[in-house]
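[1] have a look at this prediction, sequence included:
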Amino acid sequence: MIPAAFDYVRAGSADEVVAALGEHGDEAKVIAGGMSLLPLMKLRLATPTVLVDAGRLDDLSYVRDAGDHIAIGALTRHRDLETSQLLGEACGVLRGVAAEVGDNQVRHRGTLGGSVAHGDPASDLPAVLLALDATFVVQGPSGRRELAAAAFFEGFLETALAPDELLTEVRVPKTGPDAWAYQKFNRRAQDWAIVGALAVQVAGATRVALVNMGTTPLRASGVETALAEGAAPKAAAAHAAEETEPPADLNASSEYREHLARVLVQRAIEGAHV
Ligand SMILES: Cc1cc2nc3c(=O)[nH]c(=O)nc-3n(C[C@H](O)[C@H](O)[C@H](O)COP(=O)(O)OP(=O)(O)OC[C@H]3O[C@@H](n4cnc5c(N)ncnc54)[C@H](O)[C@@H]3O)c2cc1C
């Protein structure tokens, strides 16, 4: 449970993070809240030789009204999301689901950017951002680029981020305070979802996303199509496990996860007042 030796660089700006990542190459890793990276290092599943600490970049911690969308700094802690009045009014789903992440300690340390960059399909917030068609702003050595959430999550703990890039901002549409529901099935309140299901209305259509039903967060497109064609929640939810590859582990078999997905999606659709 002791990490391998590493050097530590505390960055004072996003530019410094990118420069340090460029200097140290694939051996370097950004650390934000450390809630996902440090456990991996303690198990020696991650052995970066240099940690570039972005955790004190306060200028990347914000929730702002940017006109047609809400802009959120990548270093914004889950706790700041769950207590943001602006988010509660303009994108209640993100505020509400942030309150479901881990426990208080995790939410006070963990960041939105870390949750996204880690690319864990069992995480709650990436599924929300996928459902919202969020945009990720990324800074690298040749400047900034924007990535759609649908193109970002590539595999288990794999994303479209290059090793020398820093996620700086997440942009979400204004969906209002309500018209969403998240069903998180777990054994203890602070645990990751065994399966999670989200339904949210965006611009008059219902989006449905799944947590821990494959190697990435997933959109339940069969459910969305059925709803758009007028299916009732139960009939639409029958499509929830289509095109998923749920894992099997000590918590649940793949078949049980498929069953859970159908049950939870129905509840989420009904909860979102579709
Ligand atoms: C006990 C416990 C329970 C938890 N329960 C849940 C849960 O129920 N639901 C849930 O969703 N999550 C859960 N988590 C994970 C938590 O949400 C983490 O905060 C989050 O996954 C990672 O955020 P972080 O800031 O700590 O990232 P870190 O651990 O610092 O980094 C994670 C990864 O992202 C990279 N990274 C971080 N920030 C950036 C950036 N801005 N740009 C580029 N790369 C970056 C790092 O290099 C690293 O690879 C739990 C964690 C713990 C320890």
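    All right, it came through fine.
[2] for the residue of the stretch 151-274 of the chain found nearest the ligand, give the beta-bridge partners.
    Going by CB to the nearest ligand atom, the ligand is nearest to Leu167 of the stretch 151-274 of the chain, at 3.6 Å. The C-beta positions use only the backbone N, C-alpha and C, and glycine is treated the same way. Leu167 has these beta-bridge partners by DSSP bridges: Val138.
[3] list the contacts of it.
    By CB atoms under 8 Å, 6 or more residues apart in numbering, Leu167 lies in contact with 74, 113, 116-117, 136-138, 161.
[4] how near is it to Ala134?
    11 Å (CB to CB, to the nearest Å).
[5] Lys174 too?
    When distance is defined by CB to CB, Lys174 is 12 Å away from Ala134.
[6] what helix or strand does Arg257 sit in?
    Assessed by DSSP states H and E, Arg257 sits inside helix 254-271.
[7] so how far is that helix from its chain's centroid?
    Computed by CA atoms, centre = their mean, to the nearest Å, the chain-centroid distance of helix 254-271 equals 20 Å.
[8] helices or strands up against it?
    For helix 254-271, the packing partners by 3 or more CB pairs under 8 Å, 6 or more residues apart in numbering; DSSP states H and E come out as strand 180-185, strand 195-202, strand 205-211, helix 221-228, helix 233-237.
[9] I'd like the ones you listed laid out as TSV, including mean neighbour count, mean pLDDT and distance to Leu264.
    Shown next, in TSV, are these (neighbours: other CB atoms under 10 Å; pLDDT from 0 to 100; distance: least, CB to CB, whole Å):
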stretch	mean neighbour count	mean pLDDT	distance to Leu264
strand 180-185	23	98	4
strand 195-202	27	98	4
strand 205-211	25	97	9
helix 221-228	19	98	11
helix 233-237	21	98	8
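[10] what's in contact with stretch 23-41?
    3-4, 6, 17, 20-21, 46-55, 74-75, 77, 102, 106, 109-111, 113-115, 117-118, 120, 163-164, 166.
[11] can you say which of those residues are buried?
    3, 6, 17, 20-21, 46, 48, 50-55, 74-75, 77, 102, 106, 109-111, 113-115, 117-118, 120, 164, 166 (16 or more other CB atoms under 10 Å).
[12] quick revisit: with distance to Tyr256 added, can I get the helices and strands packed on helix 254-271 in TSV?
    Compiled in TSV, the helices and strands packed on helix 254-271 are given as follows (distance: least, CB to CB, whole Å):
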stretch	distance to Tyr256
strand 180-185	10
strand 195-202	9
strand 205-211	14
helix 221-228	19
helix 233-237	16
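[13] ranges for the helices of the stretch 51-200 of the chain?
    78-82, 85-90, 92-98, 104-109, 112-118, 125-131 (DSSP state H, counting those that start in this stretch).
[14] could you list the alpha-carbon positions for stretch 48-57 in CSV?
    The C-alpha coordinates for stretch 48-57 follow below in CSV (Å, rounded to 0.1, in the frame of the first residue of the first chain):
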residue,chain,number,x,y,z
PRO,A,48,4.1,7.7,-12.5
THR,A,49,7.6,8.9,-11.8
VAL,A,50,6.5,12.6,-11.7
LEU,A,51,3.3,14.0,-10.2
VAL,A,52,2.3,17.4,-11.5
ASP,A,53,0.0,18.9,-8.9
ALA,A,54,-2.9,21.0,-10.4
GLY,A,55,-4.9,20.9,-7.2
ARG,A,56,-4.1,24.5,-6.3
LEU,A,57,-5.1,26.1,-9.6
